[in-house]
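> got a sequence here, can you build the structure:
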Amino acid sequence: MALRHSYTLLAPIYDKLVSSESLDACRKKSFSRLGDTRNKNILINGIGSGLDIPYLADDANYIGTDITPAMLNRAKARSRNYTADITFQIADSQALPFEDNSFDAIVMHLILAVVPRPELALQEATRVLKPGGHIYIFDKFIRPDQLAITRRLLDIFLRHVATRTNVVFEDVLNTCPQLNLINDEPVLAKGWFRLIELRKS
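Modelled structure (predicted):
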C-alpha cells in the first residue's frame, strides 16, 4: 500500500498515534532551537496533521508540506487556532517543488523514517536550504552498529503501511556532504528517537 493511501486511512487517528506529552515536548524543544525566526522563510517538511503548529513563532513565514491531502486538511484546520503565517502545499519530500536555496531553516519531524528513500528527502531538503541554514530533525533511527533485530524485522511489515523502523541516520547523512552535524541528542525510547540539528555549509 502506497504511503499516501495508508496515511489517508490513518489521518483520522494519526494524532492519537503520534501525540503524547513526551513526543510533544520533543517537538517544542526542536522548535526552540530555531532561535530568532523574524522574517525567516521556514519549511515544515512533512507537516502531517499539524502537530507542530502550536510551537510556531508568529514572526516567520512558514510553508507546510505533505504528500497526503487528508493530512494537510487536518493541518489547515488546526492552523486556524493559531496566529503563525503558514501556507500549505501538497508535495513529496523526495522531490520538493521549490527553487534551490529557498529557505532559511527546515523542520523535518517524523518524516525521514517514513518516506521510502530518506536519503532523497534529506538531499532535497539540503538543495532548497540556503547556505548557512539549519535543518532540525526529530525522528527515530537505529545506530550504525546496533543490531536492533526486532526493529529491523518490524520494518518488513510497517514500512509499507506507516513508518520505517530500521533507518540508520548516519547512512542518510553521508549522502549529503554539504551538511554538518551540529547537535545529536537522544531523547526517547533509549535513544531510538533523536533530536538532530544540521547546518548547510
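
> use CA for all of it now, contacts and neighbours both
Noted.

> buried residues, stretch 100-111. List them.
Within stretch 100-111, the residues that count as buried by 16 or more other CA atoms under 10 Å are S102, F103, D104, A105, I106, V107, M108, H109, L110, I111.

> next: stretch 127-140.
Neighbour counts over stretch 127-140 (16+ other CA under 10 Å) mark 127-131, 133-140 as buried.

> please flag which of those residues sit within helices.
Secondary structure from DSSP state H places R127, V128 of the buried residues of stretch 127-140 in helices.

> ok, so of the buried residues of stretch 127-140, who is nearest V168?
K140 (9.0 Å; CA to CA).

> ok, that closest one to V187 distance?
When CA to CA, to the nearest Å is the yardstick, K140 and V187 sit 10 Å from each other.

> what do those two both touch?
By CA atoms under 8 Å, 6 or more residues apart in numbering, K140 and V187 have these common neighbours: F193, R194.

> for the protein, which spans come out with low pLDDT?
1-14, 146-165 (pLDDT under 70).

> what segments of it are strands?
For the chain, strands defined by DSSP state E occupy the ranges 41-45, 61-66, 85-90, 103-109, 129-140, 179-188, 193-200.

> by contact count, what packs against the shortest one?
Helices and strands in packing contact with strand 41-45 are listed as strand 61-66, strand 103-109; criterion 3 or more CA pairs under 8 Å, 6 or more residues apart in numbering; DSSP states H and E.

> what's the answer for the second one, then?
Where contact means 3+ CA pairs under 8 Å, 6+ apart, strand 61-66 is packed against strand 41-45, strand 85-90.

> out of those, deepest packed?
strand 41-45 (a mean of 22; mean count of other CA atoms under 10 Å).

> find the residue at the geometric middle of the chain.
Closest to where the C-alpha atoms of the chain average out (CA atoms, centre = their mean) is M108, at 2.1 Å.

> tell me the bridge partners for the nearest residue to it once chain neighbours are set aside.
Excluding the flanking residues, the one nearest M108 by CA to CA, 6 or more residues apart in numbering is I137, at 4.8 Å. Bridge pairing for I137 (DSSP bridges) gives the partners M108, I196.

> include distance to K76 when you put the helices and strands packed on strand 61-66 into a markdown table, please.
A markdown table is the format used below for the helices and strands packed on strand 61-66 (distance: least, CA to CA, whole Å):
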| stretch | distance to K76 |
| --- | --- |
| strand 41-45 | 13 |
| strand 85-90 | 7 |
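
> coming back round to it: the strands of the chain: which one's closest to L173?
When those are compared by CA to CA, strand 179-188 sits nearest L173, at 7.5 Å.

> follow-up on the earlier one: need the strands of the chain in CSV (columns: distance to V168).
Below are those laid out as CSV (distance: least, CA to CA, whole Å):
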stretch, distance to V168
strand 41-45, 19
strand 61-66, 23
strand 85-90, 27
strand 103-109, 16
strand 129-140, 9
strand 179-188, 13
strand 193-200, 12
